[in-house]
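[1] Give me a 3D structure for the following:
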Amino acid sequence: NPLYYSIVVTAIFFIIALIGILHHEMWRDELQPWLIARESHSIRQLIHNMRFEGHPILWHLILYFITCLTNHLFYQQALHLLIACGFIYIFNRYSDLEIPFKILFTFGYFPAYEYSVITRDYGVAVLLIFTACAFFKNRYSNYIFLGIFLAILANISIYGIVFALGISGILFLDYYLRSEERRVGKECR
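    Reported below is the predicted structural model:
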């Protein structure tokens, strides 16, 4: 059962990533967005404090809302762990790869460390990319959802902008080719 398999793999991933997070000392590039968000007392001040940052606002905005509730840094890591578990679940649930390849990817270096233990905006980008790919299978009925996810993706990081533009280009090309096929089909009748 794909649902059961996805839940079990995600639960195992959660345990391994949680152990990693509990033993990880955060680095400067992980702490900087947190500190910017924590020291901002309004969204306007957050935007002002981000003026020298090279990333779009969304990750800082998410952290800003966390810092409105608590100043404990663990909650940033906990949110990031949930995000990582989200993209692992989506990948294992909706990917057409064989199970051994799914497991190799899930417990590989990037998903199990870079995108889960190291608390950066890349985990959110991967979650949005995998979600867009899951919706892509039924893209003809999901254009609105795809557009929303791609707009959010474009506001998470520089890499997110690149991926959002690439997937948008594929969608536009697909839509154009599909409408050309319909036009040619009508002319042949």
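[2] just for this protein, where's the confidence low?
    Residues of the chain meeting the criterion pLDDT under 70: 189.
[3] longest helix of it?
    helix 158-188 (DSSP state H).
[4] Okay, buried residues for that one please.
    For helix 158-188, burial by neighbour count (16 or more other C-beta atoms under 10 Å) applies to 160-161, 163-164, 167-168, 171. Every residue, glycine included, has its C-beta placed from N, CA and C.
[5] just stretch 118-137 next, same as before
    In stretch 118-137, counting by 16+ other C-beta under 10 Å, buried: 118-136.
[6] can you check stretch 43-56 too?
    Result for stretch 43-56 [16+ other C-beta under 10 Å]: buried residues 46, 49-50, 55-56.
[7] ditto for stretch 27-34
    30, 33-34.
[8] Could you let me know which of those residues ends up closest to Asn155?
    Using C-beta to C-beta, Pro33 comes nearest to Asn155 of the buried residues of stretch 27-34, at 14.0 Å.
[9] Tell me who's in contact with the closest one.
    53, 55, 59-60, 63, 121 (C-beta atoms under 8 Å, 6 or more residues apart in numbering).
[10] Tabulate these (TSV), appending distance to Arg93 and secondary structure.
    Output for the contacts of Pro33, formatted as TSV (distance: C-beta to C-beta, whole Å; DSSP: H, G, I helix; E, B strand; the rest coil):
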residue	distance to Arg93	secondary structure
Glu53	34	coil
His55	29	coil
Trp59	25	helix
His60	30	helix
Leu63	28	helix
Asp121	23	coil
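[11] and which of those residues is nearest Glu181?
    Glu181 lies nearest to Asp121 out of the contacts of Pro33, by C-beta to C-beta, at 38.7 Å.
[12] since we're on the nearest residue to that closest one once chain neighbours are set aside, how many residues are nearby?
    Excluding the flanking residues, the one nearest Asp121 by C-beta to C-beta, 6 or more residues apart in numbering is Trp59, at 3.7 Å. A count of nearby residues for Trp59, using other C-beta atoms under 10 Å, gives 24.
[13] circling back to that earlier point, can you tell me which of the buried residues of stretch 27-34 comes closest to Leu146?
    Pro33 (27.1 Å).
[14] Give me the contacts around stretch 11-19.
    Against stretch 11-19 from outside (C-beta under 8 Å, 6+ apart): 81, 84-85, 88, 106-107, 111-112, 116-117.
[15] What separation is there between the residue nearest to Asp121 and Ile83?
    10 Å (C-beta to C-beta, to the nearest Å).
[16] what sits in contact with each of the two?
    Common contacts of Trp59 and Ile83 (C-beta under 8 Å, 6+ apart): Val124.
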